[in-house]
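# Provided below are the primary sequence and the corresponding predicted coordinates.
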Amino acid sequence: MSRKELLFSITKKDLDIQTFCSGGPGGQHQNKTESGVRIVHRASGAVGESRSERSQHQNKRIALKRLTESVKFKLWTTRISFEIASGKTAEQRVDEMMNQKNIKIDIHDEKGRWRQLEDGMVLSA
């Protein structure tokens, strides 16, 4: 049986929770109750919003679910998980991959053929 390990956690401190009057049907009640909820995850910029229910608690639950299912949030969690697992940021990995020995440059020569640019070869403008 495998044991799961927690990589990172997200708390209320990482979120901006905003409430607002949700509008829609409801007459006078709609302008007095702030039942609409918007949750923003600051690190990823992902947003979840709900105004469909009359209860703020239900809307919070729905907004959080929408936030966690958003593409932006999923990409952020994937990136953070990779950084934690590998010990390197995405930028560090790109720098490693952009090493001179990993780059191949092909040029069009005078005869119209493609040739690989070799060390010491100078490109003329």
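Happy to help now that I have it.
# Strands along the chain, start to end?
Assigned by DSSP state E, the strands in the chain fall at 15-20, 36-41, 47-50, 106-108, 114-116.
# So which of those is nearest Gln92?
Closest approach to Gln92 among those (C-beta to C-beta): strand 36-41, 23.7 Å. C-betas here are computed from N, CA, C, even on glycine.
# Distance from that closest one to the middle of the chain?
16 Å (C-alpha atoms, centre = their mean, to the nearest Å).
# got a list of contacts for stretch 46-59?
Residues from elsewhere that reach stretch 46-59, judged by C-beta atoms under 8 Å, 6 or more residues apart in numbering: 19-20, 22-24, 26, 33-41, 60, 62-70, 72-73, 76.
# picking that back up, can you tell me which of the strands of the chain comes nearest to Ser81?
Minimum separation from Ser81 across the strands of the chain (C-beta to C-beta) falls at strand 36-41, 15.1 Å.
# Can you show me the helices along this structure?
56-69, 71-86, 90-97 (DSSP state H).
# From Ile107, how far off is Asp14?
Here the distance between Asp14 and Ile107 works out to 49 Å (C-beta to C-beta, to the nearest Å).
# Report the separation between the residue located most distally from the centre of the chain and Thr89.
The centre of the chain is farthest from one residue, Lys111, which by C-alpha atoms, centre = their mean lies 46.8 Å away. Remark: distance between Lys111 and Thr89 (C-beta to C-beta) = 44 Å.
# Over to Ile80?
Remark: distance between Ile80 and Thr89 (C-beta to C-beta) = 10 Å.
# One more: Glu49?
Counting by C-beta to C-beta - Glu49 and Thr89 are separated by 30 Å.
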